[in-house]
Structure formats: C-alpha cells, structure tokens
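Visitor: Got a sequence here, can you model it:
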Amino acid sequence: MKKLIMVLVVAFAIVAYDGFYIVDEGEQSVITQFGEPKGEPKKEAGLYLKLPYIQRVHYFDKRILKWDGKPNEIPTQDKMYIWVDTTARWKIEDPLLFFQRMNNEKSAEIRLGELINGAVRDFVTKNNLVEIIRSSDWDTTYKLTTESTQQQERAEIKVGRDMMSQIVLDKVSVTAKSFGIDLLDVLIKRINYTTEVRKTVYQRMISERQRIAERKRSEGEAEKARILGDMEKQLKDIESSAFKTAEEIRGEADAKATEIYGAAYSRDPDFYAFLISLESYQSVMGDNTRLVIQADSPLYKYLQRAGIK
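Guide: Numbers count the residues shown, from 1 in each chain. I've put the predicted structure just below:
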C-alpha cells in the first residue's frame, strides 16, 4: 500500500512539475510529441495539461510584430539609383502552420525580409522615380513652379508611393499566409537618392530655380516698363489737363480784367488814363533812373502837371 502511495505521489509530482503549462496573455502555443505537432494550438490564455517529458510546448507571440528591413540601393526604370528603407507589421495567425513552415520568429523575419525586399525591388525597377517619391493623391494643381501643360501630363502620377505599399502588401500577403503569417501592412519609411544621383538632382533643382528666377526677372522688367509707361502717359495727361485748365482760368481772368478795365474806363476815362500812366511810370522807371522823353509825349503830360521837369 505504501509503495502504491509512493508511486502515486511520484506520478503526481511528475505531472505537477512537467504536466501543466501556462499560456500567458499575448501568447499562443503548439504541443509537439517527438517533434510532431499534437492537438490543436492553444490561442487563449490559461492553464493547460500535457504529457510530461514526452510532449514539448512551443510558445509564439500573439501580438503584432514589427519587421524592420535595411535600406536597399535599387535602380528605377528611368535609371535613377535610390535607397529604399521599408518596414512592416505582421502577426502569427496560424501557430500550427507557422511552426511547421517557419519553426520560429527569427526564421519568419528572414523569410519576410526576402519577400518584401524582392517585391519592393520588383516595383521600383518597373516604375519611374516620380511614381515612387510622390503619393497617388498628389494635387497636380498645386505647383511650386509654373509648368507647361505638357510637363504636367508627363508628371501625372498613376500609382504613387501609397499604392506601391499596397501592391507590395498584396503580393507578399499571399505567400505569407502559407506560412501562417498575417501581414498587416508594408510601409516605406524613407526614400533617398544615392550620392551621385543626389548631386544630379541638386544641380537640376538649381538650374530650374535659376531658369525660373530669370523668367520672373524678365517678367518683372516688362511689368516695370509697362507701369512706367502708364505713369508717364498719366503724367502727361495730367499736365495737359492742368495746362488747359490754367489757360482757361487765365483767359477767363483776362476777360474779367478787360471787362473791369472797360467798365472803369467808361465811367471815368481821364482817371483810367491817369492810372494806366502811373502803371507805365512804375514799369519804365526804377532806382537811379533817368528818363529822357519829348515834351509832346503822352507820358510827360502827367509829370508836367506834377511839376517834374
């Protein structure tokens, strides 16, 4: 009896030590027996039972995982070499299939990297640079520079970087599912020019800016000439109008003065003649002036009456 109890105690200890296992939150597990999977994978957290020492538990992460690749130098269809840096999110959807095909997460990351890099390279080499660096919803009406209609049509985006990510995702997802992996998304973190291409692009940008500056300068000079011409024309119009107005005012004033002089002369001709003579004296005589006139001169008449000889 004691031996039976001892056997039961030892068996219970063995079962308690290696017969139970715990699946934590964010984990899932697969049981293998002599390397072969047994039973259904456990995807929910809890305490589970297995055959001690005979069966082995393989844990896999149930959370969303991140794959972060290294930048790759890839030539575009228009022979522009660029660095493409990609990242992706994935999770283990079928742990049993994942174990059978990938065995562990490290192998899965290597395989995913090969698939994603291959799909990205395939897309880049079949498309021009503009399809990779711009988004498909690029607003062609918004331009930093004024481009011709032909240039706008040539630069029209058919795919774009966001669609590039979707194309790569669709292409890789099919293969990933056969590994028990659900590939959630593929994103382009960074696209950069190689050193040689960067120099060419910068020089092209400088040339474009210089061309635009020259055009703007020419347009500015033409606008300046137009404004100065309009200003000169307006100035001449103003001067002409002012001269005309001044002449009209002067004519009206002379007519008024003549009218006043006529009225004054008609009222007292002698006084008017006297006044005119005084004005004449003022205009012909100045300081230290000697006036030599004949005795029968009309100008001498009033001087003679005043006793000036």
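Visitor: separation between Val120 and Asn128?
Guide: Distance of Val120 to Asn128, computed by CB to CB, to the nearest Å: 15 Å. Placement of C-beta: from N, CA and C, glycine included.
Visitor: who has more neighbours, those two?
Guide: Val120 (25 against 17; other CB atoms under 10 Å).
Visitor: tell me the contacts of the more buried one?
Guide: By CB atoms under 8 Å, 6 or more residues apart in numbering, Val120 lies in contact with Asn72, Ile74, Val84, Thr86, Met164, Val168.
Visitor: which residue ranges form the strands in the stretch 151-300 of the chain?
Guide: For the stretch 151-300 of the chain, the strands defined by DSSP state E, counting those that start in this stretch occupy 181-193.
Visitor: And Lys70, how far from Val84?
Guide: Separation of Lys70 from Val84 (CB to CB) stands at 10 Å.
Visitor: Comparing these two, which shows the higher neighbour count?
Guide: Per other CB under 10 Å, whichever of Lys70 and Val84 has more neighbours is Val84, with 22 against 9.
Visitor: that's a strand at that one, yeah?
Guide: Yes: assessed by DSSP: H, G, I helix; E, B strand; the rest coil, Val84 belongs to a strand.
Visitor: what sits against it?
Guide: Pro71, Asn72, Ile74, Val120, Val124, Ile132, Ile188, Arg190, Ile191.
Visitor: Looking at the residues you listed, spot the one nearest Arg198.
Guide: Within the contacts of Val84, distances to Arg198 taken as CB to CB reach their minimum at Ile191, with 12.0 Å.
Visitor: tell me the contacts of the closest one?
Guide: Ile191 neighbours (CB under 8 Å, 6+ apart): Ile82, Trp83, Val84, Asp85, Ile132, Ile133, Arg161.
Visitor: just Ile133 next, same as before
Guide: Ile133 neighbours (CB under 8 Å, 6+ apart): Arg161, Ile191.
Visitor: Tell me how far it lies from Val124.
Guide: Applying CB to CB to Ile133 and Val124 gives a distance of 11 Å.
Visitor: next one: phi and psi at the nearest residue to Asp185 once chain neighbours are set aside?
Guide: Closest residue in space to Asp185, ignoring its immediate chain neighbours: Arg89 at 5.5 Å, by CB to CB, 6 or more residues apart in numbering. Dihedral pair for Arg89: phi -120, psi 140, per degrees, to the nearest 10.
Visitor: now do Phe179
Guide: phi -100, psi 0.
Visitor: cool, Ile31 as well?
Guide: phi -100, psi 130.
Visitor: burial count for it?
Guide: 21.
Visitor: And Thr32, by the same measure?
Guide: Based on other CB under 10 Å, the number of other residues close to Thr32 is 16.
Visitor: where's it, which helix or strand?
Guide: According to DSSP states H and E, Thr32 maps onto strand 27-33.
Visitor: list the helices and strands that strand packs on?
Guide: Contacts defined by 3 or more CB pairs under 8 Å, 6 or more residues apart in numbering; DSSP states H and E place strand 27-33 against strand 36-42, strand 55-61, helix 95-101.
Visitor: how distant is it from the center of its chain?
Guide: The chain centroid and the centroid of strand 27-33 are separated by 52 Å under CA atoms, centre = their mean, to the nearest Å.
Visitor: what lines up beside that strand in the sheet?
Guide: Note on strand 27-33: by DSSP bridges, its sheet partners are strand 36-42 (antiparallel), strand 55-61 (antiparallel).
Visitor: To Ile116, which of those lies closest?
Guide: strand 55-61 (19.1 Å).
Visitor: for the record, mean pLDDT for the next helix or strand after the closest one?
Guide: Under the assignment DSSP H and E, the closest C-terminal helix or strand after strand 55-61 is strand 65-68. Across strand 65-68, pLDDT averages out at 91.
Visitor: For PyMOL, what selects the buried ones among the contacts of Val84?
Guide: Applying 16 or more other CB atoms under 10 Å to these, the buried members can be selected in PyMOL as follows:
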select buried, resi 74+120+124+132+188+191
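Visitor: could I get the contacts of Val84 as a markdown table with pLDDT?
Guide: Formatted as a markdown table, those follow (pLDDT from 0 to 100):
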| residue | pLDDT |
| --- | --- |
| Pro71 | 87 |
| Asn72 | 86 |
| Ile74 | 86 |
| Val120 | 91 |
| Val124 | 88 |
| Ile132 | 79 |
| Ile188 | 86 |
| Arg190 | 86 |
| Ile191 | 84 |
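Visitor: Return the member of the contacts of Val84 nearest to Ser173.
Guide: Val120 (14.1 Å).
Visitor: Can I take it that that closest one is in a helix?
Guide: Yes: secondary structure of Val120 (three-state DSSP): part of a helix.
Visitor: quick one on the thing from earlier: just name the most buried of the helices and strands packed on strand 27-33.
Guide: Across the helices and strands packed on strand 27-33, averaging neighbours per residue (mean count of other CB atoms under 10 Å) puts helix 95-101 on top, at a mean of 18.
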